[in-house]
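[1] dropping the sequence and predicted coords here.
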Amino acid sequence: MDPVQFNAVMVCIDWNTMHMGNVNEMTNNLTYNLLQVFNYLAPKKFVFVKHKKYPWITQNNRLMIKRRDESHRKARSTKHPAKMVYYKELNSIACRTKQIGKDTYFKTYVSSNEWNLISMWKHNNVNFKPTNDTLPTCLCDPDDMNRHFVIVPGDDFVAESLLDYYNRNKFGSTFFTFQVVTERDVTQAIRELRPNAIDDI
């Protein structure tokens, strides 16, 4: 930034407007003037935002997407029906090809990492983060969720023979007792727990 030009612009600002009765107005006016000065004098900085490349988008996919975007620009500028039809066809082909590539990538990646589930889940968590972390509306009501698990299918009719059986056999032969344990016993019991799943979760 050129200091001579900066001083010249600062002299042009009407600083008498700063003497206002309201502090908020004074602050807003000062902020506005300074922003105008820096927007006028500061050099523009161009930033290239690079999006993450997904592994299933191949070079052919990128070429199709590029052609589709070009045809979309031409269709919007000319508004010609043939160009619109061409764009819609290219859009359909590009979307279908991208979906096929994604499906193929998933099938090959999952089948090749069938016994390496820990790294596969790490890879999936990095590449496929959800775009929305809010709960769906169907999961916001806990009473509704409880109702789903409490309601048992079938009718309320119970046979008399079944009721009679459970009335006669409601006291089992198993005898339970309580025993005082130490912290060491609890720690040992927790350490002896082993997962049955192949992904060690």
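    Alright, I've got the coordinates.

[2] three-state assignment of Val181?
    Recorded secondary structure, Val181: coil (DSSP: H, G, I helix; E, B strand; the rest coil).

[3] just want the phi and psi numbers for it.
    The phi/psi pair for Val181 (degrees, to the nearest 10) reads phi -120, psi 160.

[4] gap between the one helix or strand Asp143 maps to and the chain center?
    Assigned by DSSP states H and E, Asp143 belongs to helix 142-150. Taking Cα atoms, centre = their mean, to the nearest Å, one finds the center of helix 142-150 at 26 Å from the center of the full chain.

[5] check which element follows the longest helix anywhere in the chain along the chain.
    Longest helix in the chain by number of residues (criterion: DSSP state H): helix 81-112. Per DSSP H and E, the first helix or strand lying C-terminal to helix 81-112 is helix 117-127.

[6] and stretch 77-97, average pLDDT?
    The predicted model assigns stretch 77-97 a mean pLDDT of 92.

[7] got it, and stretch 53-61?
    Here the average pLDDT along stretch 53-61 is 84.

[8] host element of the closest residue to Ile13 other than its chain neighbours?
    Leaving aside its sequence neighbours, Ile13 sits nearest to Asn33 (Cβ to Cβ, 6 or more residues apart in numbering; 5.2 Å). (Each C-beta comes from the backbone N, C-alpha and C, glycine too.) Using DSSP H and E, Asn33 falls within helix 23-41.

[9] so what are the domain limits for this structure?
    For the chain, the structural domains run 3-41, 59-116, going by automatic domain parsing.

[10] I'd like the mean pLDDT over the shortest one, please.
    The one in question is domain 3-41. The predicted model assigns domain 3-41 a mean pLDDT of 80.

[11] so how far is Thr174 from the residue nearest to Ile13?
    Asn33 sits 85 Å away from Thr174, going by Cβ to Cβ, to the nearest Å.

[12] per-residue confidence for the residue sitting furthest away from the middle of the chain?
    Centroid-distance maximum for the chain: Arg168 at 55.8 Å, with Cα atoms, centre = their mean. Looking at Arg168, its pLDDT is 83.

[13] still on that earlier bit, between Asn33 and Thr174, tell me which one has more neighbours.
    Neighbours were counted for Asn33 and for Thr174 using other Cβ atoms under 10 Å; Asn33 has more, 17 against 5.

[14] my guess is the more buried one meets Met10, correct?
    No. With contacts defined as Cβ atoms under 8 Å, Asn33 does not count as touching Met10, sitting 9.0 Å away.

[15] what's the longest helix of the chain packed up against?
    Applying 3 or more Cβ pairs under 8 Å, 6 or more residues apart in numbering; DSSP states H and E, one finds that helix 81-112 contacts helix 59-78, helix 117-127.

[16] okay, the first one in CSV with CA atoms only?
    Okay, so that is helix 59-78. Extracted in CSV, the C-alpha atoms of helix 59-78 (Å, rounded to 0.1, in the frame of the first residue of the first chain):
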residue,chain,number,x,y,z
GLN,A,59,-10.5,-38.4,-15.3
ASN,A,60,-13.4,-39.4,-17.7
ASN,A,61,-15.9,-38.2,-15.0
ARG,A,62,-14.1,-34.9,-14.8
LEU,A,63,-14.1,-34.5,-18.5
MET,A,64,-17.8,-35.3,-18.7
ILE,A,65,-18.6,-32.8,-15.9
LYS,A,66,-16.5,-30.1,-17.7
ARG,A,67,-18.4,-30.7,-21.0
ARG,A,68,-21.7,-30.7,-19.1
ASP,A,69,-20.9,-27.4,-17.5
GLU,A,70,-19.9,-25.9,-20.8
SER,A,71,-23.1,-27.0,-22.5
HIS,A,72,-25.1,-25.6,-19.5
ARG,A,73,-23.5,-22.2,-20.0
LYS,A,74,-24.2,-22.3,-23.8
ALA,A,75,-27.8,-23.4,-23.2
ARG,A,76,-28.4,-20.6,-20.7
SER,A,77,-26.9,-17.9,-22.9
THR,A,78,-28.5,-19.0,-26.2
